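# here's my sequence, what's the structure:
(2 chains)
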There are 2 protein chains.
Amino acid sequence: MTLAPWRSPLARALHQNRSLVYTRYLQLATVRLDQRPANRTVVFRGFLEGTNTLKFVTDQRSEKVEQIAGLPWGEACWYFPKTREQFRLLGQLTVVGEHYSDPTLTQARELMWQDFSDNGRSQFYWPVPGQPKAEAITFNPPEIETEVSPGNFCLLLLDPERVDQLELRGTPQSRCLYQRDCNQNWSVQDVNP
Amino acid sequence: MTLAPWRSPLARALHQNRSLVYTRYLQLATVRLDQRPANRTVVFRGFLEGTNTLKFVTDQRSEKVEQIAGLPWGEACWYFPKTREQFRLLGQLTVVGEHYSDPTLTQARELMWQDFSDNGRSQFYWPVPGQPKAEAITFNPPEIETEVSPGNFCLLLLDPERVDQLELRGTPQSRCLYQRDCNQNWSVQDVNP
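Presented below is the predicted three-dimensional model:
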């Protein structure tokens, strides 16, 4: 695969903002089943090997999974405070659960679980997200087997086809649009901020 | 009006994160005309006087204005890094241009322009956002009259009807859902994170 042209400026932003622990937090918009937008913070977990696809993690029981089943598109908005840069990444979303059809992706899901901290893992054994608060004891299930990934642990993938980069520094600001065509080739265009 | 029950925790988060200049930056999701989601960073400009409605500013020529005309709903996602809190605010969006029908709102728009910095004002005289980059000279229009607001300067309002507050600190995390019913009354419910 070819590294998309927005990968290099994004890698630079990640590097230049690395002192901020929350620099890997970004906001992912999806569309609800009633057609209204939804938006929440997610944590960037690197790129899927050999691709320009961003990795995240989600719980099968979260609302975004049913929203993505309804419409598999998302736009991530990533603001980097130190360098005052924004990347908007619009693309298709894929939820990879334990029974997903592509073995490369189920393996990537399993590797992600192996990399996960105990603290991160425990959340997948908590009661259903968004339901009325359950008793405290249910958040401390005894004797969980965390070596094998639980069925509700999902890898979430975003494959951008349009990236809008805005640099707030300078007057006027710099804005650049990267677009992938149907032949998988990327074009780059400077646009007005 | 009654202060909505999420106003107090939001005010506390703003106060506790005030040392970060970008604490007033949040991400606003809308739906594109092709039904896919859109997401971008906006700047919180305070509450509309005597209401629970959040104020922002936008350019009539920006894509979000046509998206809101198609579907006047948005979800703002606001992450506060210091206190590790997230507020998701889902509500109706209103774009108030110079010819808007409600004089209270057009006055609020005019007051917003008066409060705006020269630097902020100048952007509304720049060439059309998102179009191929225009010549540098067009970003420095001579002799602009900035006392009167230009026609493309818009006040953008978000009137939340559902607010989802998540505190990442603590195990398990705390999550609280505020919902407004058709009688304009707010309910509050602790939910599973």
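# can you show me the CA trace of the top helix by length along chain A as CSV?
For chain A, the longest helix by residue count, based on DSSP state H, is helix A:103-115. Extracted in CSV, the C-alpha atoms of helix A:103-115 (Å, rounded to 0.1, in the frame of the first residue of the first chain):
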residue,chain,number,x,y,z
PRO,A,103,-9.4,-13.6,9.4
THR,A,104,-6.8,-10.8,9.1
LEU,A,105,-9.2,-8.5,10.9
THR,A,106,-10.2,-10.9,13.6
GLN,A,107,-6.5,-11.5,14.2
ALA,A,108,-6.0,-7.8,14.5
ARG,A,109,-8.8,-7.7,17.0
GLU,A,110,-7.2,-10.4,19.0
LEU,A,111,-3.9,-8.6,19.0
MET,A,112,-5.5,-5.5,20.2
TRP,A,113,-7.0,-7.3,23.1
GLN,A,114,-3.6,-8.8,24.0
ASP,A,115,-2.1,-5.2,24.0
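# longest single strand anywhere in chain A?
strand A:153-167 (DSSP state E).
# so how far is it from its chain's centroid?
7 Å (Cα atoms, centre = their mean, to the nearest Å).
# now the helix or strand following the longest helix of chain A: mean pLDDT?
Note on helix A:103-115: by DSSP states H and E, the next helix or strand toward the C-terminus is helix A:118-122. The average of the pLDDT scores along helix A:118-122 is 88.
# related to what we said a few turns ago, report the buried residues of the longest helix of chain A.
By 16 or more other Cβ atoms under 10 Å in any protein chain shown, the buried positions in helix A:103-115 come out as A:105-106, A:108-110, A:112-113. C-beta here means a position set from N, CA and C on the backbone, and glycine is covered the same way.
# next, the angle from it to strand A:153-167.
90 degrees (axes from the mean of the first three to the mean of the last three Cα atoms, to 10 degrees).
# can you show me the helices along chain A?
Under DSSP H, chain A gives helices at A:7-16, A:63-70, A:103-115, A:118-122.
# now those in JSON lines, with distance to A:Arg162?
Converted to JSON lines, the helices of chain A look like this (distance: least, Cβ to Cβ, whole Å):
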{"stretch": "helix A:7-16", "distance to A:Arg162": "14"}
{"stretch": "helix A:63-70", "distance to A:Arg162": "18"}
{"stretch": "helix A:103-115", "distance to A:Arg162": "23"}
{"stretch": "helix A:118-122", "distance to A:Arg162": "30"}
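# mean pLDDT lowest where, among these?
When I compare the helices of chain A, helix A:118-122 is least confident, with a mean of 88.
# in the helix or strand bottoming out on mean pLDDT in chain A, what counts as buried?
Between all helices and strands in chain A, the lowest mean by mean pLDDT, DSSP states H and E belongs to helix A:118-122, at a mean of 88. Going by neighbour count (16+ other Cβ under 10 Å), the buried part of helix A:118-122 is A:121-122.
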